[in-house]
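A.B. asks: Have a look; sequence and predicted model below, questions after that.
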Amino acid sequence: MAKISAKLVKELRDMTGAGMMDCKKALTATEGDLDKAVDVLREKGLGKAAKKSNRLASEGLVTVVVCNDFKSATILELNSETDFVAQNQDFIDMNKTIATHIQSSEVETVENLMTTTINGTVFEEYFKAQIARIGENLVTRKFITLSASETGIVNGYCHSNGRVGVIIGANCDSAETAKKASGFIKNLSMHAAAMKPPYLNSDNLDLDFVNKETVALIAEITKGNEELRRLKKPEKKIPLYGSKLQLTDEVMAKAEADIKAELKAQNKPEKIWNRIVPGQIERFIADNTQLDQQLTLVNQFYVMDDKKTIAQAVEAEAKKLGGTIELVEYIRFELGEGLEKKGCDFAAEVAEQLG
């Protein structure tokens, strides 16, 4: 049996907010596997989704460059060893130069980037010179460029601290609509930067992931209702599902049949059912797509108009502009996301990447 250290228990507690004894039991049951222990706690409704931020170690900047005609946008994460360097204007300017070069050269990988020519110099040599000049190891970690069609648009937003950036691509009915929509797409990017949806829509979700997360969601609401019951407050309705991916034709047919059966039991006249059923169906969908609301951009409520989802806000904006807008691409970078601290400092991680 794996030995469960106090440090590991504390790390799990920091990640999930669960009690110390619950964390220890979960770690014991999973033989010290931190990720599996998180799942055990969540399935029991004892822990929130893991907070990964305390396991990340990274400095540097996320940079977004959008071309003047909104037909291309590039997002870049470039890492440094210290925040001091990341805040230096020379480093900021270098990031913009590199992001602009990536956009114009249309490269798609770091390996290909290294072979391009920038300011008359092979990029790899240019980058080594920047490392020598700045005095810290640097890593061009990742980048993506989105390009729009003739009737499409891309725009983006980078937070002032350079730690979060977003670019969004949309297809429109005409070039005129696309041009008019540029400010709106930037506002959506600002929303995504703040609200952190991992995915554009439910089509991007994996069904196995959704099924697993639904178990945790139901457990979390059930556990929360225990406290609401103790406080004599209204309890939250426990959903059957979490995403539109789970709402098959059979599920929706049963939901409609159940609604009609309930109306019949309430002796509601059948002639008015058609006025009641659509609203009840809409409510059923809202109750059973809470994961979509948490994880997908289009299903979140828009921060600039919290009575509308992003999907509804897009529809309203398109109507105002006299055309159509369809969000088709969404990229969000958060500085250091996915880099874990494993008993070494970031300088060592950067050096390892440089190889």
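C.D. replies: Sure thing, it's come through. Numbering: from 1, shown residues only.
A.B. asks: got the contact list for Trp273?
C.D. replies: Residues in contact with Trp273 (CB atoms under 8 Å, 6 or more residues apart in numbering) are 260, 263. Heads up, the C-betas are built off the backbone N, CA and C, glycines and all.
A.B. asks: Next secondary structure element downstream of whichever strand or helix holds it?
C.D. replies: Secondary structure from DSSP states H and E places Trp273 in helix 273-287. The helix or strand immediately downstream of helix 273-287 is helix 290-295, counting by DSSP H and E.
A.B. asks: would you put the C-alpha positions of that following helix in CSV?
C.D. replies: Only the C-alpha atoms of helix 290-295 are listed here, as CSV (Å, rounded to 0.1, in the frame of the first residue of the first chain):
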residue,chain,number,x,y,z
GLN,A,290,-25.6,22.6,-16.8
LEU,A,291,-22.3,21.2,-18.0
ASP,A,292,-22.7,22.9,-21.3
GLN,A,293,-23.4,26.2,-19.4
GLN,A,294,-20.2,25.7,-17.5
LEU,A,295,-17.9,24.4,-20.2
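A.B. asks: what helices or strands is that helix leaning on?
C.D. replies: helix 207-230 (3 or more CB pairs under 8 Å, 6 or more residues apart in numbering; DSSP states H and E).
A.B. asks: Contacts for the helix it packs on, please.
C.D. replies: Defining contact as CB under 8 Å, 6+ apart, one finds that helix 207-230 is touched by 39, 42-46, 48-49, 234-236, 238-239, 241-243, 245-246, 290-291.
A.B. asks: Same question for stretch 298-310.
C.D. replies: With CB under 8 Å, 6+ apart as the test, stretch 298-310 has contacts from 187-188, 191, 194-195, 197, 200-202, 289, 292-294, 297, 311-314, 316, 327.
A.B. asks: same question, stretch 124-144
C.D. replies: By CB under 8 Å, 6+ apart, the list of residues contacting stretch 124-144 from outside reads 60, 74-82, 85, 88, 90-91, 94, 98-99, 102, 110, 113-115, 118-119, 121, 167, 331, 333, 347, 350-351, 353-354.
A.B. asks: List the buried residues for the helix holding Trp273?
C.D. replies: Neighbour-count burial for helix 273-287 flags 280, 284 (criterion: 16 or more other CB atoms under 10 Å).
A.B. asks: next one: stretch 165-182
C.D. replies: Judged by neighbour count using 16+ other CB under 10 Å, the buried positions of stretch 165-182 are 165-172, 175, 177-178, 180-182.
A.B. asks: and the spatially most central residue of the chain, how far is that from Glu11?
C.D. replies: Centroid check for the chain by CA atoms, centre = their mean gives Pro198 as the closest residue, at 1.9 Å. Using CB to CB, to the nearest Å, Pro198 is found at 23 Å from Glu11.
A.B. asks: can you check Pro269 too?
C.D. replies: For Pro269, the distance to Glu11 (CB to CB) stands at 60 Å.
A.B. asks: Run through the bridge partners of Glu77.
C.D. replies: As for beta bridges, Glu77 partners with Val62, Lys142 under DSSP bridges.
A.B. asks: My guess is it contacts Val62. True?
C.D. replies: Yes - Glu77 lies in contact with Val62 (CB atoms under 8 Å); the separation is 5.2 Å.
A.B. asks: intersection of neighbour lists for those two?
C.D. replies: 333, 335.
A.B. asks: the more surrounded of these two?
C.D. replies: Between Glu77 and Val62, Val62 has the larger neighbour count (other CB atoms under 10 Å), namely 28 against 24.
A.B. asks: how near is that one to Cys158?
C.D. replies: Here the criterion is CB to CB. By it, Val62 lies 6 Å from Cys158.
A.B. asks: I'd say Asp22 and Val40 touch.
C.D. replies: No - judged on CB under 8 Å, Asp22 makes no contact with Val40 at a distance of 9.1 Å.
A.B. asks: neighbour count winner among Pro269 and Glu11?
C.D. replies: Per other CB under 10 Å, whichever of Pro269 and Glu11 has more neighbours is Glu11, with 17 against 7.
A.B. asks: The more buried one - that's part of a helix, no?
C.D. replies: Yes - assessed with DSSP: H, G, I helix; E, B strand; the rest coil, Glu11 lies in a helix.
A.B. asks: What is the burial count for the nearest residue to it once chain neighbours are set aside?
C.D. replies: Nearest in space to Glu11, with sequence neighbours left out and distances taken as CB to CB, 6 or more residues apart in numbering, is Leu34 at 6.9 Å. Per other CB under 10 Å, the neighbour tally for Leu34 reads 15.
A.B. asks: Then Val64?
C.D. replies: Other residues near Val64 number 25, with proximity taken as other CB under 10 Å.
A.B. asks: Weed out the non-buried ones from the contacts of stretch 298-310.
C.D. replies: For those, buried by 16+ other CB under 10 Å: 187-188, 191, 197, 200-202, 289, 292-294, 297, 311, 313-314, 327.
A.B. asks: Are there residues contacting both of Val62 and Cys158? Which ones?
C.D. replies: Common neighbours of Val62 and Cys158, using CB under 8 Å, 6+ apart, are 75, 164-165.
A.B. asks: looking only at pLDDT, what's the mean for the strand or helix carrying Arg332?
C.D. replies: In the assignment (DSSP H and E), Arg332 maps to strand 325-334. On average, the pLDDT along strand 325-334 is 97.
A.B. asks: And stretch 261-270, by the same measure?
C.D. replies: For stretch 261-270, the mean pLDDT works out to 96.
A.B. asks: can you list the residues that contact it?
C.D. replies: Here stretch 261-270 makes contact (CB under 8 Å, 6+ apart) with 273, 276-277.
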